[in-house]
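Peer 1: model this:
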Amino acid sequence: MKIERTKNATRNMIFGTILKVYQVFVPFLMRTAMIYFMGIQYLGLNSLFSSILQVLNLAELGVGSAMVYSMYKPIAEDNTHDICALMRLYKIYYRIIGVVIAVAGLVILPFIPNLISGDIPSELNIYVLFLLNLGSTVLSYWLFAYKNCLLTAHQRLDVTNIIMLITSIIQYAIQIYIICFVKNYYLYIIVSLAMQAITNIVVAIVVTKMYPNYKPTGRLEKSVVRGITQRIRDLFTAKIGGVVVNSVDTIVISAFLGIEMLAIYQNYFYILNSIIGFVSIIFTSCTAGIGNSLVVETKEKNFNDLTVFTMLISWIAGFCAYCLLCLYQPFMKIWVGEELQLAFLAVICFCIYYYVYEINQLLNLYKDAAGIWHSDRFRPLVTALSNLTLNLILVQFWGIYGVLLSTVISMLFIGMPWLLHNLFTTIFSRELLPKYLKQLLKYAGISMVACVATYLVCLNIHLGDWGTFFIRAGVCCIIPNIIFVVAYHRTEEYAKCVNLLDRITKGKLHLSKILVR
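Peer 2: This is a model prediction of the structure:
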C-alpha cells in the first residue's frame, strides 16, 4: 500500500498542533474553574489520581509503539494476513494490560489514604473516587483500543486527533458546567469515564469503515512474536524514566506535604509542562530526518548536525527558562493569587529542571532516531530509581525544593552522563565527547549570564500586576536574545542555525543577510 508520507505528515502536524493548543488552554481554564468554584483540594486529588494511574499505565509502555512499528512492513507489502494477525495480538496484549492494571489498582486500593497527607473534603469517599478513575483507565484498554494502531501505522493520526478534539470539547463543556453549577466531583469523574468509552467506540467505528478488510484474526510466527516481545521490553525500560519522574514526584508530594501543596506544585508544573509540549513539536518533527541522516551520512556530518541542534535547543531552552524565572510569579499572582504561590527558590528549581530536561530531550532524540533502545535499556531504570530514592530522602529535609532538586540531580549526574556515553560509543566517536561537553558547558554558562542580567532588569519593574507581567515579557524577549547574538554570532553553529531557519521560511525573511556578519 502506498502511503502519501508528506501529505499525511503535514496533515498530522496541522491537526496535532491544533489539538496541542486546545489541550493546553482548555485544561488551564478547567484548573482555574476548579480552584475558584470547588477548591484547591479537589485539584490536588485530581492530580494525585492521575499520577497513580500513570504509574499503573507502565504496563502499557512500549506495547503500542512496538505493535505500530511491526505493522509498517506488512502495510507496505499489502500483507493483509500479518496485519490482521498483529491486530489480534495487539487486542490480546491490551486485554491483558487492562486486567493487570485492574488487579494492581485493587491491590493498592486499601493504601490510597496513606498517599494523602492532610484533610480532604468530608463529602468525598477516596475509595469510590479511585475506583471510578481506575475504571476509566481500564476501559481505555478493553474497549476497541487495539484498532487505533491502524490509524497510527497508516499515518492517519489526524483522524484520531479530530475525534479526540470533538469528544473532549463535549467532555469539557459538561465538566465545566458541573464545576461551576452542580459542584459534584463524582459526576465530574463519571463524565470522564463515559467520554473515554464514547471516544473508543467512535474511533473503532471510523477505523472499521476506513479499513474494512482488517480484522483481528490469524496468528504470527513465533519468531515474529519473540521479536515484538523483545522490542516491547526495550521500549518499556526506555520510557519508564519519564513516567516515574513525573508521577512519583506527585505521589511523594501528596504523601509528605499534602494535597494542597500538590495542587500548588501542579499549577507551576502545568505551565512548565505546556512549554515542554510545544518545544517537543520540534523534536517530533526532526526524529525521522535525523534517523535517515544517521543511516546515510558520515559520523562527522551527524556530529556537526548535533552541535547545531545543541545550539538551537540551548537557545530555545535558555529563552524559555528566562521567561519562567521572570514571569512565573507575576503570572501566578494574577492567576491564583499570592496565597497559592510557592517561594521564589522553587521557581529557580523549576527553571533549572526545565533547562536540563530540554537538553536531555535532545540527547534522547538522537537515541530514539538511532533505535539504540537495547543498549540504553538500564539507564532509565537506574535514573528513575535514583530519583525516587532522593525524593524520599530530600523531601523530609527540604520539602518541595528537595523533590525538584532530586529530579535535577538524578537527571544531570546519572541520566545524562550515561546517555552521552551511549551516544558517543554507538553513534559518534568517543574522541568527540570532550569537545561536545565543552560546548554544553559554554552554552550553559552563557545562558546563566543572560539569565542573571535579564532578572536583574526585571527585578526593578513594578507597574501593577498586568503592567509588570507584560513589560517583563518584553524585557525577556530583548535582553537575552541580544546576549545570545553577541556571544554566538561568530561561531559556525550560529551561521548554520540561521541558514536552517532561512530554509524553513524559504528565504522569505532573509535571516542570513540580517543576522550573519
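
Peer 1: I'd say residue 341 and residue 333 touch.
Peer 2: Yes - with contact defined as CB atoms under 8 Å, residue 341 counts as touching residue 333 (6.5 Å). (Glycine included, C-beta is placed from N, CA and C.)

Peer 1: Excluding sequence neighbours, find me the nearest residue to residue 135.
Peer 2: Leaving aside its sequence neighbours, residue 135 sits nearest to residue 193 (CB to CB, 6 or more residues apart in numbering; 5.8 Å).

Peer 1: The one you found: neighbour count?
Peer 2: 18 (other CB atoms under 10 Å).

Peer 1: what sits against it?
Peer 2: Residue 193 sits next to 132, 135, 136, 139 when contact means CB atoms under 8 Å, 6 or more residues apart in numbering.

Peer 1: Starting from residue 449, give me the distance back to it.
Peer 2: According to CB to CB, to the nearest Å, residue 193 stands 51 Å off from residue 449.

Peer 1: cool, residue 390 as well?
Peer 2: Residue 390 sits 29 Å away from residue 449, going by CB to CB.

Peer 1: Those two: who's more crowded?
Peer 2: The residue with more neighbours, out of residue 390 and residue 449 and counting by other CB under 10 Å, is residue 390; that gives 19 against 12.

Peer 1: Next, the more buried one: secondary structure please.
Peer 2: At residue 390 the chain is in helix, as set by DSSP: H, G, I helix; E, B strand; the rest coil.

Peer 1: go on, the one 5 residues further on?
Peer 2: Recorded secondary structure, residue 395: helix (three-state DSSP).

Peer 1: My read is that it contacts residue 258, right?
Peer 2: No - between residue 395 and residue 258 there is no contact under CB under 8 Å: 11.8 Å.

Peer 1: With neighbour numbers in mind, choose between these two.
Peer 2: More crowded of residue 395 and residue 258, by other CB under 10 Å: residue 395, with 22 against 18.

Peer 1: dump the residue contacts of the residue nearest to the spatial centre of the chain.
Peer 2: Residue closest to the mean C-alpha point of the chain, counted by CA atoms, centre = their mean, is residue 277 at 5.8 Å. Residues near residue 277 by CB under 8 Å, 6+ apart: 20, 23, 24.

Peer 1: Go again with 7 Å.
Peer 2: By CB atoms under 7 Å, 6 or more residues apart in numbering, the contact list for residue 277 reads 20, 24.

Peer 1: what's the helix or strand for it?
Peer 2: When elements are assigned from DSSP states H and E, residue 277 belongs to helix 259-296.

Peer 1: gap between the very next helix or strand once past that helix and the chain center?
Peer 2: Scanning forward in sequence from helix 259-296 by DSSP H and E, the next helix or strand is helix 299-335. Remark: helix 299-335 is offset 16 Å from the chain centroid, using CA atoms, centre = their mean, to the nearest Å.

Peer 1: Then stretch 358-374?
Peer 2: For stretch 358-374, the distance to the chain centre is 14 Å (CA atoms, centre = their mean).

Peer 1: Could you do stretch 457-477 as well?
Peer 2: Offset of stretch 457-477 from its chain centre (CA atoms, centre = their mean): 29 Å.

Peer 1: what's the answer for stretch 187-198, then?
Peer 2: Between the centre of stretch 187-198 and the centre of its chain there are 23 Å (CA atoms, centre = their mean).

Peer 1: So for that stretch, mean pLDDT?
Peer 2: Across stretch 187-198, the average pLDDT comes to 88.

Peer 1: now do stretch 164-172
Peer 2: Mean pLDDT, stretch 164-172: 88.

Peer 1: Give the buried residues for it.
Peer 2: By neighbour count with 16 or more other CB atoms under 10 Å, stretch 164-172 contains the buried residues 164, 167, 168, 171, 172.

Peer 1: Turn those residues into TSV, columns for secondary structure.
Peer 2: Shown next, in TSV, are the buried residues of stretch 164-172 (three-state DSSP):
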residue	secondary structure
164	helix
167	helix
168	helix
171	helix
172	helix
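
Peer 1: Which of these sits closest to residue 365?
Peer 2: Set against residue 365, the nearest of the buried residues of stretch 164-172 by CB to CB is residue 164 (24.9 Å).

Peer 1: can I assume the closest one is in contact with residue 198?
Peer 2: No - counting by CB atoms under 7 Å, residue 164 does not reach residue 198; the two are 11.0 Å apart.

Peer 1: any chance you could map the helices in the stretch 101-250 of the chain?
Peer 2: Under the criterion DSSP state H, counting those that start in this stretch, the stretch 101-250 of the chain contains helices at 126-142, 148-153, 157-177, 185-210, 222-257.

Peer 1: need the ones you listed in JSON lines with distance to residue 444, can you?
Peer 2: Converted to JSON lines, those look like this (distance: least, CB to CB, whole Å):
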{"stretch": "helix 126-142", "distance to residue 444": "39"}
{"stretch": "helix 148-153", "distance to residue 444": "37"}
{"stretch": "helix 157-177", "distance to residue 444": "35"}
{"stretch": "helix 185-210", "distance to residue 444": "41"}
{"stretch": "helix 222-257", "distance to residue 444": "21"}
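
Peer 1: most tightly surrounded among those?
Peer 2: helix 148-153 (a mean of 21; mean count of other CB atoms under 10 Å).

Peer 1: can you list the residues that contact that helix?
Peer 2: Residues outside helix 148-153 that contact it (CB under 7 Å, 6+ apart) are 64, 67-68, 71-72, 75, 90, 157, 159-160, 203, 207, 211, 214.

Peer 1: quick one: which two of those are the most distant?
Peer 2: Spatial extent of the contacts of helix 148-153 (CB to CB) is set by the pair 72 and 203 at 20.3 Å.

Peer 1: how far away is residue 125 from residue 137?
Peer 2: Taking CB to CB, one finds residue 125 at 19 Å from residue 137.

Peer 1: Contacts for stretch 216-225 next, please.
Peer 2: With CB under 7 Å, 6+ apart as the test, stretch 216-225 has contacts from 81, 82, 84, 85, 86, 87, 88, 89, 91, 146.

Peer 1: Between helix 185-210 and the host helix or strand of the third one, find me the angle.
Peer 2: Looking back up the chat, that one is residue 84. Under the criterion of DSSP H and E, residue 84 resides in helix 80-108. If you take axes from the mean of the first three to the mean of the last three CA atoms, to 10 degrees, helix 80-108 sits at 170 degrees to helix 185-210.

Peer 1: Stretch 389-400: which residues count as buried?
Peer 2: Buried residues in stretch 389-400, counting neighbours by 16+ other CB under 10 Å, are found at 390, 391, 392, 394, 395, 399, 400.
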